[in-house]
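Participant: below are the sequence and a predicted model; questions follow.
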Amino acid sequence: MNQSRKSQPHLRKLPLQWLSDYKPGEKEKKEDELRHYMNSWPFIRLIEILNKEKKELTRSTDYTNPSWAYQQAHNNGRLQQIDNVLHLLEGKQ
């Protein structure tokens, strides 16, 4: 494990997808670059926006609509995609 990462516990663990296509020598450099971006304001703001959208989707079911089940299935698919993106951005394993 990279010594600098051990001394910085605030750094998130990266999902494997971020670095899976890089050769071993390139991975450390790319990992350092990625950690820099993951701690930047746009990255953090994007996580906030996605969490807000996720919260709104979990509250929005209109059972008076005759096709509510289709809308719920669509919302479930959107929630899954948001979860997938959040997994990549937040580094949760």
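Facilitator: Ah, there it is. Numbering: from 1, shown residues only.

Participant: so which bits of stretch 79-86 are buried?
Facilitator: The neighbour-count check on stretch 79-86 (16 or more other C-beta atoms under 10 Å) flags 82, 86 as buried. For every residue, glycine as well, the C-beta is placed using N, CA and C.

Participant: give me the contact list for that stretch.
Facilitator: Contact with stretch 79-86 is made by 47, 50-51, 53-54, 57-58, 92, as judged by C-beta atoms under 8 Å, 6 or more residues apart in numbering.

Participant: what segments of this protein are helices?
Facilitator: Secondary structure of the chain (DSSP state H): helices located at 3-6, 24-38, 41-59, 68-90.

Participant: tell me which of those sits nearest to residue 15.
Facilitator: Nearest of the helices of the chain to residue 15, taken as C-beta to C-beta: helix 68-90 at 5.5 Å.

Participant: on that earlier part again, could you dump the contacts of stretch 79-86 into TSV and include pLDDT and distance to residue 69?
Facilitator: Formatted as TSV, those follow (pLDDT from 0 to 100; distance: C-beta to C-beta, whole Å):
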residue	pLDDT	distance to residue 69
47	94	30
50	96	25
51	96	26
53	95	21
54	94	20
57	90	15
58	87	16
92	62	30
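
Participant: tabulate these (a markdown table), appending neighbour count and distance to residue 24.
Facilitator: What follows is those, written out as a markdown table (neighbours: other C-beta atoms under 10 Å; distance: C-beta to C-beta, whole Å):
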| residue | neighbour count | distance to residue 24 |
| --- | --- | --- |
| 47 | 15 | 29 |
| 50 | 17 | 32 |
| 51 | 13 | 34 |
| 53 | 13 | 37 |
| 54 | 15 | 35 |
| 57 | 15 | 40 |
| 58 | 11 | 41 |
| 92 | 11 | 25 |
